[in-house]
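>>> Sequence plus predicted model, see below.
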Amino acid sequence: MTGQSAGGRKKSSSSSSVNIILILVLTWFGALAGGLVVLRVQGMISQEAFFLSLAAVALVAPLGLMLAWRTGEGSSALHRQQIHMRDLISAVETLVREGGLSEGAKRVIHRRDEREILRRAIEQDIADEDWDAAMVLVKELAERFGYRVDAEEFRARVERARLQTMDRNVVDELAGLDELIRRSAWPEAYAEAARIMRLYPESHRVDGLRARVDEARQRYRKDLERRFLLAAESEQLDTAVELLKELDQYLTPTEAAPFQEVARGVIGKHKENLGVRFKLAVQDHQWEDALAVGEQVMLEYPNTRMSQEVSELLPTLRERIEGQPRTAQGA
């Protein structure tokens, strides 16, 4: 009986505590709502802030009542619910307090949070190599929030990162240009040099880039001249003629004058050599070799008497080449 009586008193006491808390919560929310109405009537908060605050009270009130009801589960639960209630009350108070403030006042209150958000955004733009966007935010950090020291540090970082990235890009572009120079693709090399200079005018690496291509072209021409003279001297006629054809693309009439005598000698000997090879191939019945040499004569010396004589024999050579398989099959 004594135990039951004690249990009943404990349950009754818990129930009474819950009822008291519920009454207090309802009273607090009622007073808060009434205070909002008074502030609105007196014009101390805007209509938008008034309705926003009422909505917050309407949302928080049921939660507060539920938390109060659950306090009957034990003293530790009661303590936790009280903490939650204080957090909710603080949030509502903050909402009410800031509801009637101007946008400028709100920015002052939250400037530290906005500063950190802005700093993280600048860091992300630097990582993304979006330099223009980063500089816009740096300007915002200095002019809107007044953090000019931070802004200068970020500006220096952005500029340093931009220059480093640009330098890497220029080095890669110049590697492509060097490959064109190595292949003696001069028209493409000049066009690529102009493009790189347009893209990276601030880089010291593009200074005199066209002159760099000019110098490489001149070195290659000098090398062609040397190889041609060596081939002519050693009577490597086929090589000398090929080099002479290529060298002709680099020389002006004035520059070609010193090589004219050697060139005439090489061409004369080469043409004579082709004629001898053609005659020997015909005499030895090497029809395919004769046809190949004859076509070379007509291609390289089209306006000569030898070319005319060879052209008259080519149909006969082709007939004999076509007849060779049939003769072999008949045998």
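Sure thing, it's come through.

>>> All the helices of the protein, residue numbers only.
In the chain, the helices defined using DSSP state H lie at 2-41, 47-69, 75-99, 103-109, 111-127, 131-143, 148-182, 186-199, 209-233, 237-247, 253-256, 260-283, 287-300, 305-330.

>>> in the chain, which segments are predicted with low confidence?
1-112, 324-331 (pLDDT under 70).

>>> mind giving me the domain split of it?
2-103, 111-207, 212-325 (automatic domain parsing).

>>> hmm, who's touching stretch 156-172?
Stretch 156-172 is contacted by residues 122, 126, 129, 131, 134-135, 138, 196, 200, 202-203, 205-206 when judged by C-beta atoms under 8 Å, 6 or more residues apart in numbering. Just so you know, the C-beta spots here come from the backbone N, C-alpha and C atoms, and that holds for glycine as well.

>>> for the nearest residue to Leu209 once chain neighbours are set aside, what are its contacts?
Using C-beta to C-beta, 6 or more residues apart in numbering and skipping the chain neighbours, the partner closest in space to Leu209 is Ala193 (4.5 Å). Contacts for Ala193 (C-beta under 8 Å, 6+ apart) come out as Leu177, Leu209, Arg210, Arg212, Val213.

>>> where's Ala193 relative to Ile321, distance?
The gap separating Ala193 from Ile321 is 50 Å, by C-beta to C-beta, to the nearest Å.

>>> Next: Leu141.
Counting by C-beta to C-beta - Leu141 and Ile321 are separated by 84 Å.

>>> now do Ala292
11 Å.

>>> hang on, the earlier thing: and Leu141 and Ile321? which has more neighbours close in?
The residue with more neighbours, out of Leu141 and Ile321, is Leu141; 24 against 13, by other C-beta atoms under 10 Å.

>>> so how far is Glu152 from that one?
10 Å.

>>> ok, the nearest residue to Ala281 once chain neighbours are set aside - contacts?
Leaving aside its sequence neighbours, Ala281 sits nearest to Ala290 (C-beta to C-beta, 6+ apart; 3.7 Å). Residues counted as contacts of Ala290 (C-beta under 8 Å, 6+ apart) are Phe278, Ala281, Val282, Leu313, Leu317.

>>> switch to 7 Å and redo it
Neighbour list for Ala290: Phe278, Ala281, Val282, Leu317 [criterion: C-beta atoms under 7 Å, 6 or more residues apart in numbering].

>>> Could you do Met298 as well?
Ser307, Val310, Ser311.

>>> now do 10 Å
Residues near Met298 by C-beta atoms under 10 Å, 6 or more residues apart in numbering: Thr304, Met306, Ser307, Gln308, Val310, Ser311, Leu314.

>>> can you check Leu224 too?
Counted by C-beta under 10 Å, 6+ apart, Leu224 has contacts Ser184, Leu243, Leu244, Glu246, Leu247, Asp248, Gln249, Tyr250, Leu251.

>>> one more time with 7 Å
So Leu224 contacts Leu243, Glu246, Leu247, Tyr250 (C-beta under 7 Å, 6+ apart).

>>> Also Ala142?
Arg148, Ala151.

>>> Kindly report the same for Ala231.
By C-beta under 7 Å, 6+ apart, the neighbours of Ala231 are Thr239, Ala240, Leu243.

>>> Just put these in a markdown table and tack on neighbour count and distance to Met298.
Listed next are the contacts of Ala231 as a markdown table, based on neighbours: other C-beta atoms under 10 Å; distance: C-beta to C-beta, whole Å:
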| residue | neighbour count | distance to Met298 |
| --- | --- | --- |
| Thr239 | 16 | 21 |
| Ala240 | 25 | 20 |
| Leu243 | 22 | 22 |
